[in-house]
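*Asks:* task: produce atomic coordinates for the following.
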Amino acid sequence: MVDHAQNRQTTGVPKIIVKDLMILYGNKTILRDVNLEIKENEIFGIIGPANSGKTSLLRALNRMDDMTAGMKVTGDIIFSGKRLQAWKNLYALRQRIGVVFPLPVGLPLSVFDNVALSPRLRGIRNQADLQVIVERCLRRAALWDEVKDRLHSLGSLLSGGQQQRLTIARALSQEPELLLLDEFSIAVDPVTTMRIEDVLKELRHELTIVLVTNLVQQARRLADRTAFFLKGECVEINETEKIFTRQAKDPRTMDYVEGRFG
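*Replies:* This next block holds a predicted model:
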């Protein structure tokens, strides 16, 4: 297994700090007493069985459930040195945090317009500037060569794997500091999954990535550090290789990655 630390440098500066986070939906506790730090320019993996709170944490990092009825959040999340709740302009916050969901979320727009939407919302109108941005983002998402001759066709006509990479390109067009990925490969074929993984390995030089995955080997391939969640608890955070080489701190972590439950 390749040591990720040999391939790139991290600053060690926290990008995200989570303190005593608790999330409740009605009377049901989804997450409790979660404390963790995610460093700049690392891929931080989150693994665990279904209903362990992984996606709820991801949604909390982008305040996606602010308007969810019956939801209560306590504790603190600090992003780039500022409390999330201190952000009055949610659009400004979400401009800095890109999100890729399990299934491709294609907009009813052309390939070009899918990627150009965020730059246009930032006030970029010059067509030549937009063309540069669109090409750069599609290249970074390993999609340019496949779509360069049909940029003005509907993005929804692309294959599932291409649509997922289009979603990544659209997220990158925001120029985010943080990229959140929730089971990005759940509806993608293995070949495309590996292509996207290669993209993520390159992107780690430019931004911070949080990867929620039910595929433990995917976390092993990509993540620098990995957190194991179980029943709403963050059981362990460790260097990924330690978790996968029987050096986990908690026996439940080892039981999970070795397939004894999950």
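*Asks:* from now on I want contacts and neighbour counts done on CA atoms only, so please keep to that.
*Replies:* Noted.
*Asks:* distance of Lys54 from Val34?
*Replies:* 11 Å (Cα to Cα, to the nearest Å).
*Asks:* neighbour count: these two, which is higher?
*Replies:* Shown here are Lys54 and Val34; by other Cα atoms under 10 Å, Lys54 has more neighbours (28 against 19).
*Asks:* quick one: contacts for that one?
*Replies:* Ile46, Ile47, Gly48, Val212, Phe229 (Cα atoms under 8 Å, 6 or more residues apart in numbering).
*Asks:* in strands, which of those appear?
*Replies:* Ile46, Ile47, Val212, Phe229 (DSSP state E).
*Asks:* how about TSV for the contacts of Lys54, with distance to Asp182, neighbour count and pLDDT added?
*Replies:* TSV is the format used below for those (distance: Cα to Cα, whole Å; neighbours: other Cα atoms under 10 Å; pLDDT from 0 to 100):
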residue	distance to Asp182	neighbour count	pLDDT
Ile46	10	26	98
Ile47	11	25	97
Gly48	13	26	96
Val212	5	27	96
Phe229	14	24	97
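*Asks:* for those, which one is nearest Gln163?
*Replies:* Using Cα to Cα, Val212 is the member of those that lies nearest Gln163, at 19.2 Å.
*Asks:* can you give me the helices for the stretch 101-250 of the chain?
*Replies:* Using DSSP state H, counting those that start in this stretch, the helices assigned to the stretch 101-250 of the chain run over residues 111-121, 127-140, 144-147, 160-172, 190-203, 216-222, 240-243.
*Asks:* of those helices, flag the one that's most buried.
*Replies:* Mean neighbour count (mean count of other Cα atoms under 10 Å) peaks for helix 160-172 among the helices of the stretch 101-250 of the chain, with a mean of 25.
*Asks:* what sits against Lys242?
*Replies:* Applying Cα under 8 Å, 6+ apart to Lys242 gives the contacts Ala248.
*Asks:* need the pLDDT of it.
*Replies:* With respect to pLDDT, Lys242 has a value of 96.
*Asks:* next: Gln6.
*Replies:* pLDDT for Gln6: 39.
*Asks:* hmm, back to that, out of the contacts of Lys54, the closest to Met71 would be?
*Replies:* Within these, the smallest distance to Met71 is 20.1 Å, found for Phe229 (Cα to Cα).
*Asks:* that closest one pairs with what?
*Replies:* For Phe229, the beta-bridge partners are Cys234 (DSSP bridges).
*Asks:* ok, it to Glu40 distance?
*Replies:* Distance from Phe229 to Glu40, by Cα to Cα: 21 Å.
*Asks:* just Val100 next, same as before
*Replies:* Taken as Cα to Cα, the span from Val100 to Glu40 is 19 Å.
*Asks:* now swap in Phe244 and tell me
*Replies:* In this view, Phe244 and Glu40 are 23 Å apart by Cα to Cα.
*Asks:* go on, Ile209?
*Replies:* 9 Å.
*Asks:* okay, the two: which has more neighbours?
*Replies:* Taking other Cα under 10 Å, Ile209 and Glu40 do not tie; Ile209 has more neighbours (27 against 24).
*Asks:* quick check, pLDDT for that one.
*Replies:* Note on Ile209: pLDDT of 97.
*Asks:* wait, it touches Leu172, no?
*Replies:* No. Look at Ile209 against Leu172 with Cα atoms under 8 Å: they stay out of range, at 11.8 Å.
*Asks:* need the helices of the stretch 101-250 of the chain in TSV (columns: distance to Ile17).
*Replies:* Written out in TSV, the entries for those read as follows (distance: least, Cα to Cα, whole Å):
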stretch	distance to Ile17
helix 111-121	27
helix 127-140	28
helix 144-147	35
helix 160-172	22
helix 190-203	21
helix 216-222	21
helix 240-243	19
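*Asks:* stretch 218-235: end-to-end distance?
*Replies:* Its start and end residues considered, stretch 218-235 measures 19 Å (Cα to Cα).
*Asks:* kindly report the same for stretch 171-187.
*Replies:* 18 Å.
*Asks:* what mean pLDDT does it get?
*Replies:* Mean predicted confidence for stretch 171-187 is 91.
*Asks:* and Ile77, what does it touch?
*Replies:* Each residue near Ile77 by Cα under 8 Å, 6+ apart is listed here: Ile16, Ile17, Val18, Lys19, Leu21, Leu61, Arg83, Leu84.
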